[in-house]
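J.: Here is my input; please provide its structure:
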Amino acid sequence: MNALKPLRSALRGQVWLPGDHEFDAARRPWNLAVEQPVAAVVEAADADDVAALVRYARTAGLGIATQPNGHGATGRTDGDTILLRTRRLDTLEIDPAARRARIGAGVPSGRVQAAAAPHGLTGLPGSSPVVSVAGVALGGGLSWFGRAHGWVADSVTAFDIVDADGRRRHVTADTDLFWALRGGGGDFAIVTALELSLHPAPHLYGGRSLWDVDDAPAVMDAYRQVTAAAPEELTVWLDLLHFPGSAPMVAIDATYLGDESEARDLLAPLDRLPKPLSDSRRGMSVTELGAITAEPTDPGAGISRGELLTDLDDAAAERLLAAPIAPLLSVQIRHLGGALSRASDGPHGALTEPYALYLFGIPADPATAEAVTAKQRVLARTLPVSGRKPYTFLNPGETVADAFPPDALARLRDIKRRHDPHNVFRSNFPVKGLEEVGCNSESAADLSAAVQPG
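T.: The predicted model follows:
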C-alpha cells in the first residue's frame, strides 16, 4: 500500500486505498455476488488523469481494470490491479445533422437516449438505461434495435483512447486496434470516449404484456408465430418470470420502430390470447425503453447464464415449459436475426443463431446459489444451444474462447501482444486467457455474474 500512496499526488481524481473508510464500497461491482479484490480504486477526473494513471501503473508494474460502474465484473483482479472508475468522463455531444454522438466512457445509455430523442434519433440501447454505452460497445452489444441496425459496436465510428504507453489517441477504422475495440472487450486500451452513429426513430411502439403462467403454452405459440414473420424493425422477447412472493407469470416484451397501427397488425396473434393481467404497450419515446422490462437500477447479487439457441421448435418450446423455472427468477428468450445475422466487421462476426436465452437467479444463500446454477445447467443441456455466446452474456466461469471464433480470438491475442505487451489493461474477460494472466480461485468457480445482456 505504501507504494500506492503517490497515486494521490499523481492524479486529480479520487483515490481509495485499502484501509480507507470507503474503499470496500468503491471497489464493489454491480453484481454483489462477485468479490473484487484490488490494490486501489481510482475515479479519474478526465482523460488526462487516465493517461497519468496508465503511465504510473506501467512504471509500477501494476494493471488497470476499467469499470464505469461495475457491470460485468468477474472478480479476475488481484493485489496488483488498480480499479479505474470512469463515471466522471461524462461528455455527451449530439450532432443531429450528422446523426452522430460523441459519448464519454462513463455515460449511460439512458442519457444518450434522452439527448437524441428530441431530434427524432436513437442510439442502440439495451434493456437497462444505467449501463455505459462504452462498456456495451466494447463487448459488441445487443440492443432493442439490433435486428434493424446490428451490433452496437458496428455503429461506433471512432474511439478516443489511452494506450499502454499512456498516450491519448484518436482511433478510427484504419487501425487493427479499432477492429479489436469494436466488440473484442477492453483488453487493448482504455476508452475515454467514442463516436456513435445514431439512427432515425420518429415513431416507436412498445411495452410489456403479462399473463398467468397457465397461459404460457399459448403465449409461446403466439411468440413463435410473431417472430417467424417479424420485420427487422420489430423486436420481441418472451420472459418466464417467478418473482419472490408472487405467482409465476409469462411476459411478451416488444418494440417496433414504426407506427402504432403497423405494430398492432404485426402483434395481432397476442390479441387472440386470453386477456393479459396487464398490458403496457403503447406509442412511446425512445427514452422510456428501460421501463419495458423494469430491470433494477441499483446493484444487487445475481447469477446469470447466457446461451444462443439454434432453434425454437416444438421440442425446445416444450422443454422450456415442462417444469417451473424456480429457483430462477427469469428465463428470457430474445429474438435475434435481421441485421445481427449479416456479415459484421468485428471480432464477433455474424450472429446466425435466431434466439438468445438468458437465465437469471438470485443467490440468497449457498444452497440457493447451487440450485440456481444447477437449473441453468439443466436448461442449457436440454435445449438446442450453439455453444458460443455474445461477449456481454459471458459469466465469470467462462472465457473469451466461448465468445469468439478461433481465428478472431487468435487475431485479438496478436493485437493484445503488440499493443499491450506488459498486460497493463485487465478486462473482465482477458484475451490472453486465464492461464496467462491468473485468476483468483473464487471468481473462477462456477458462479455466474449478473451481466447486463444489452
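J.: Buried residues in stretch 257-275, which are they?
T.: By neighbour count on 16 or more other CB atoms under 10 Å, the buried set for stretch 257-275 is Leu257, Gly258, Glu260, Glu262, Ala263, Leu266, Leu267, Pro269, Leu270. To be clear about C-beta, it is placed using only N, CA and C from the backbone, and glycine gets the same treatment.
J.: So which of the residues you listed sit within helices?
T.: Among those, the members falling in helices (DSSP state H) are Glu260, Glu262, Ala263, Leu266, Pro269, Leu270.
J.: Verify the stated contact: the last one with Leu210.
T.: No. When contacts are counted by CB atoms under 8 Å, Leu270 is not listed as touching Leu210 (11.3 Å).
J.: Run a quick neighbour tally on Leu83.
T.: Using other CB atoms under 10 Å, Leu83 has 26 neighbouring residues.
J.: wait, I meant Arg76
T.: Neighbour tally, Arg76, other CB under 10 Å: 24.
J.: Ok, the one 5 residues further on next?
T.: Close neighbours of Thr81, defined as other CB under 10 Å, add up to 20.
J.: before we move on, what about Ala343?
T.: There are 8 residues near Ala343, going by other CB under 10 Å.
J.: Of all pairs in the buried residues of stretch 257-275, which one is the farthest apart?
T.: Largest separation among those by CB to CB: Leu257 and Pro269, giving 19.7 Å.
J.: of all the ones in helices among the buried residues of stretch 257-275, which comes closest to Pro384?
T.: After measuring those against Pro384 - CB to CB - the closest member comes out as Pro269, at 23.2 Å.
J.: which ones are touching the closest one?
T.: Ala222, Gln225, Val226 (CB atoms under 8 Å, 6 or more residues apart in numbering).
J.: Name the nearest residue to it, ignoring sequence neighbours.
T.: Ala222 (4.1 Å; CB to CB, 6 or more residues apart in numbering).
J.: residues touching the one you found, list them.
T.: Ile252, Pro269, Leu270, Arg272, Leu273.
J.: Mind doing that once more with 10 Å?
T.: Residues near Ala222 by CB atoms under 10 Å, 6 or more residues apart in numbering: Ser209, Asp215, Val236, Leu238, Ile252, Leu267, Ala268, Pro269, Leu270, Asp271, Arg272, Leu273.
J.: after the helix or strand where it lies, next one along is what?
T.: Assigned by DSSP states H and E, Ala222 belongs to helix 216-228. Sequence-wise, the next helix or strand downstream of helix 216-228 (DSSP H and E) is strand 234-241.
J.: Relative to that following strand, what are the paired strands and their orientations?
T.: Based on DSSP bridges, the pairing partners of strand 234-241 within the sheet are strand 249-256 (antiparallel), strand 330-335 (antiparallel).
J.: and of those strands, who's closest to Gly166?
T.: Across the strands paired with strand 234-241, closest to Gly166 is strand 330-335 (CB to CB), at 39.6 Å.
J.: so where's the stretch 301-450 of the chain shaky on pLDDT?
T.: Applying pLDDT under 70 to the stretch 301-450 of the chain flags the ranges 433-450.
J.: Can you give me the separation between the closest residue to Pro248 other than its chain neighbours and Ser280?
T.: Distance criterion CB to CB, 6+ apart; nearest residue to Pro248, sequence neighbours excluded, is Val213 at 3.8 Å. Noted for Val213: a distance of 19 Å to Ser280, by CB to CB, to the nearest Å.
J.: Many thanks, I have nothing further to ask.
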